[in-house]
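# Sharing a sequence plus its predicted fold:
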Amino acid sequence: MAVKTMAKNVGTGQYNAGWHELTISKATDGEWNGKRVVDLNFEGYPENMRHRVFETTNSKTGEEFKIANLFRYACAGIISVLNDPTGKNPVIQYDDEVTNLVGTRVNALFVKKPGTDGKEYSEVYDVVPVAQETEHLTYTEDDVTRMKTRVEGRHTGKASVKTNVVGTVATETTSTTTTSNADIPF
């Protein structure tokens with residue numbers, strides 16, 4: 001017998017499913033099907049590991065909220081927080097230039113997604129803020145935990161209906177009840 005060596009595979013865990021605190025390294029503006037999209041890349045991850053945020057508007061108010069929330073959660077481009085006439089509903093004034101996102105930190109939920117080749121791949125499902133206090137906005141640990149729970153709930157509801165994202169299989173269960181007067185043989 002001979003003494004040999006082999007590489008010790010030590011994973012970094014950077015692609016594991018779950019929450020990861022990430023720094024945005026690049027943000028680009030684009031358009032898809034007539035709507036604005038913002039693509040995010042993160043420090044320490046390859047260019048193809050990106051998160052795309054689609055412009056989404058509230059059907060009742062017509063107000064865009066997905067990209068606005070991205071800037072709010074990243075505390076990016078915030079100019080001031082204004083009070084409405086009643087003083088009850090503050091309004092955030094921000095510059096939506098995507099370069100304002102670069103260098104900011106967010107918490108990102110990584111999920112596993114099956115690829116066409118049969119392998120599983122990681123992707124960012126959604127982002128929430130990190131606990132921080134800035135000149136205009138503050139997010140406590142409790143705020144962040146509440147937002148993470150809400151995102152996980154949306155993901156779980158979506159995963160069980162549409163895709164096998166978390167390794168579970170949706171099954172349909174039926175039950176049959178049979179009654180009989182026959183003696184049970186044991």
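Happy to help now that I have it. Keep in mind the model is a prediction, meaning the values are calculated, not measured.
# Strands of this structure, start to end?
18-32, 35-42, 50-54, 78-82, 91-94, 105-114, 120-128, 132-133, 138-139 (DSSP state E).
# could you give me the average pLDDT of the third one?
The one in question is strand 50-54. Taken as a whole, strand 50-54 carries a mean pLDDT of 96.
# And it, how far out from the chain middle?
Between the centre of strand 50-54 and the centre of its chain there are 10 Å (CA atoms, centre = their mean, to the nearest Å).
# The first one too?
Centroid separation for strand 18-32 versus its chain: 10 Å, with CA atoms, centre = their mean.
# again with the fifth one
Once both centres are worked out by CA atoms, centre = their mean, strand 91-94 turns out to sit 23 Å from its chain's centre.
# Partner strands of that strand and their direction?
strand 78-82 (antiparallel) (DSSP bridges).
# Can you give the contact residues for the partner strand?
71, 72, 90, 91, 92, 93, 94, 95, 134, 135, 136, 137 (CB atoms under 8 Å, 6 or more residues apart in numbering). From N, CA and C alone the C-beta is placed, and that goes for glycine too.
# buried subset of those?
71, 72, 94, 137 (16 or more other CB atoms under 10 Å).
# so how far is the longest helix seen in the chain from its chain's centroid?
If you go by DSSP state H, the chain has its longest helix at helix 141-161. Centre-to-centre, helix 141-161 and its host chain are 9 Å apart (CA atoms, centre = their mean).
# residue contacts, the residue nearest the centre of the chain?
When CA atoms, centre = their mean is applied to the chain, the residue found nearest the centroid is residue 126 (1.5 Å). Going by CB under 8 Å, 6+ apart, residue 126 touches 108, 109, 151, 154, 155.
# Low-confidence ranges, this structure, go.
5-11, 158-186 (pLDDT under 70).
# swap the cut-off to 80 and go again
Within the chain, the segments meeting pLDDT under 80 span 1-2, 4-13, 87, 158-186.
# would JSON lines of the strands of the chain with distance to residue 146 be doable?
Shown next, in JSON lines, are the strands of the chain (distance: least, CB to CB, whole Å):
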{"stretch": "strand 18-32", "distance to residue 146": "13"}
{"stretch": "strand 35-42", "distance to residue 146": "23"}
{"stretch": "strand 50-54", "distance to residue 146": "21"}
{"stretch": "strand 78-82", "distance to residue 146": "20"}
{"stretch": "strand 91-94", "distance to residue 146": "19"}
{"stretch": "strand 105-114", "distance to residue 146": "12"}
{"stretch": "strand 120-128", "distance to residue 146": "9"}
{"stretch": "strand 132-133", "distance to residue 146": "15"}
{"stretch": "strand 138-139", "distance to residue 146": "10"}
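# and of those, who's closest to residue 60?
The closest of the strands of the chain to residue 60 is strand 91-94. By CB to CB, the value is 17.1 Å.
# separation between the nearest residue to residue 95 once chain neighbours are set aside and residue 19?
The shortest distance from residue 95 to any non-neighbouring residue, by CB to CB, 6 or more residues apart in numbering, is to residue 77 (4.0 Å). Plainly put, residue 77 is 24 Å away from residue 19 if you go by CB to CB, to the nearest Å.
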